[in-house]
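In: Prediction below, plus the sequence it came from.
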2 protein chains.
Amino acid sequence: MDVKTLCLGILAHGDASGYEIKKLFEQKYSHFYEASFGSIYPALARLTEAGLVSFSQQAQSKRPDKKVYRITTAGRIAFLDDLGKMPGRDRIRSDFLATLLFGDLLSPGQVDKMIAIRVAEYHALIDAMAACNTKGLTPGHAFVNGFGLTVYRAMVAYLENNRHALVGQTLLGARDHAAAAKSAQAQPLPRSQPAPEEMQT
Amino acid sequence: MDVKTLCLGILAHGDASGYEIKKLFEQKYSHFYEASFGSIYPALARLTEAGLVSFSQQAQSKRPDKKVYRITTAGRIAFLDDLGKMPGRDRIRSDFLATLLFGDLLSPGQVDKMIAIRVAEYHALIDAMAACNTKGLTPGHAFVNGFGLTVYRAMVAYLENNRHALVGQTLLGARDHAAAAKSAQAQPLPRSQPAPEEMQT
DNA sequence: ACGGACATGTAACACGTTACATGATTAA
DNA sequence: TTAATCATGTAACGTGTTACATGTCCGT
């Protein structure tokens, strides 16, 4: 599901301007989707071209006209058609976990700090989501919000319960690394070990 | 952290070929990162150009030569330098949640089926991760693996505990939608309501 | 006979980000 | 005066995916 389709879906739940859609992305959907102005405005333009949405221009004093978009009947049909397809795999790219994967190459202090920061961020997100929850949300939004809340809580709990393990291991590893650095390669992995034939740098 | 940097990190933990790196991505790191051949091979070529890795060519009967990459000292320095930087925000794009957000526009059967499929997929992932866990993993890998395991379990638990709520709401909503469809717009959201001036389709 | 694992690589394409351009209002 | 909110949009750029090109060996 690309930005264009999600915008269409958002408009299926009510009229909105590009700016309002952006706020929705960052305030309510940020735990499973994100989109910048640079993708939202062109998306709305394409949808308009395709006749899937229309817009009304609202003049504002001293500001660019606000364009309030509304989904058309053709748009509703197209969206439902898209929704029916089985969703693809979730795309996740976590710099945080990718960094911790190499925790043994960092100082314990750095690892601990990174985790502390992340925990604080999750706490803030959880508070924000818990506050907005159980109001006048659509069933889908409530479900998805609850999902995010649950996941963030599980993440925080894991980090708080296991950070000592990683930080501790990192400490213990420090000496090993000093030793390993002398020998050409430290290889705890069962990967291509053999035959350095013609090394080309 | 881009594919190039992660490849460098993987090589910091041991030598590997492009093909082996790809397997690592899909078998061990798939819960927080993914990369295709089309990004891995060019990444290794760029790293070689930059002198951050070298490779030894291993002739294989009736197969393209296997290139086993090894990180250089310059590569280790560059990688540690990168690791030290605070990780950016995680990028998540969930088609699944984006679809369920509009659960009220789907039939209860469709919603239920999507959730059932997802639950089954997570169960499979959990079994695979639980099996590979607690072996000869680096501290970082064990930590990251445990993180993924915990998160997937929380997701499954949430889906199993709350699917009935969404499916039920969807059922109840069916009648409302039939009614709402007659009036021009059903708008449960506090968004731009007013002034349809010059609607342009 | 067919698909999957092994093995590397390229090129076209899609998609989205970042930064820029413009400009008023309001709160710290 | 500095930053944030409101408001829309474009263009360059980066990054990664998909599909293609090539070919063997092995299991069923």
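Out: That came through fine.
In: The helix or strand hosting A:A165 vs helix B:139-182, what angle?
Out: Element membership for A:A165, per DSSP states H and E: helix A:139-182. Computed by axes from the mean of the first three to the mean of the last three C-alpha atoms, to 10 degrees, the angle separating helix A:139-182 from helix B:139-182 equals 160 degrees.
In: Smallest gap between chain A and DNA strand C, at which residue?
Out: Residue nearest to DNA strand C within chain A: A:G38 (2.2 Å; C-beta to the nearest atom of the strand). Backbone N, C-alpha and C define where each C-beta goes, glycine included.
In: where does that residue fall, helix, sheet strand or coil?
Out: helix (DSSP: H, G, I helix; E, B strand; the rest coil).
In: How many residues are close by it?
Out: 9 (other C-beta atoms under 10 Å in any protein chain shown).
In: on that earlier part again, tell me the mean pLDDT for the helix holding A:A165?
Out: In this model, helix A:139-182 carries a mean pLDDT of 83.
In: which strands and helices sit next to that helix?
Out: If contacts are counted by 3 or more C-beta pairs under 8 Å, 6 or more residues apart in numbering or on different chains; DSSP states H and E, helix A:139-182 sits against helix A:108-132, helix B:95-100, helix B:139-182.
In: Show me which residues of the helix or strand containing A:P64 are buried.
Out: Taking DSSP H and E as the definition, A:P64 sits inside strand A:63-71. Buried positions in strand A:63-71, judged by neighbour count with 16 or more other C-beta atoms under 10 Å in any protein chain shown: A:66-71.
In: does DNA strand C sit close to it?
Out: Yes. Interface with DNA strand C: strand A:63-71 contributes A:63-64 (C-beta under 7 Å from any atom of the strand).
In: Number of residues surrounding the residue in chain A that DNA strand D sits nearest to?
Out: In chain A, the residue that lies nearest DNA strand D is A:Y19 (2.8 Å; C-beta to the nearest atom of the strand). Neighbours of A:Y19 under the rule other C-beta under 10 Å: 15.
In: Equivalent analysis for A:I21, please.
Out: Neighbours of A:I21 under the rule other C-beta under 10 Å: 23.
In: ok now do it, which residues does it touch?
Out: Counting by C-beta atoms under 8 Å, 6 or more residues apart in numbering or on different chains, A:I21 touches A:7, A:10, A:40, A:44.
In: closest to A:D112 among the residues you listed?
Out: Minimum distance to A:D112 across the contacts of A:I21 is 38.0 Å, recorded for A:I40 (C-beta to C-beta).
In: for DNA strand D, what are the nearby residues on chain A?
Out: Residues of chain A lying close to DNA strand D by C-beta under 7 Å from any atom of the strand are A:17-20, A:23, A:37-38, A:41-42, A:44-45, A:60, A:63-67.
In: 6 Å instead, please
Out: Within chain A, the residues that sit near DNA strand D (C-beta under 6 Å from any atom of the strand) are A:17-19, A:37-38, A:41-42, A:45, A:60, A:63-64, A:66-67.
In: how many degrees apart are the lowest-mean-pLDDT helix or strand in chain A and helix A:108-132 in direction?
Out: Scoring the helices and strands of chain A by mean pLDDT, DSSP states H and E places helix A:139-182 at the bottom, with a mean of 83. Per the same axes, to 10 degrees, the angle that helix A:139-182 makes with helix A:108-132 is 180 degrees.
In: what's the offset of helix A:139-182 from the middle of its chain?
Out: 17 Å (C-alpha atoms, centre = their mean, to the nearest Å).
In: ok, back up a step: out of the helices and strands packed on helix A:139-182, deepest packed?
Out: Each of the helices and strands packed on helix A:139-182 was scored by mean neighbour count; the highest is helix B:95-100, a mean of 24, by mean count of other C-beta atoms under 10 Å in any protein chain shown.
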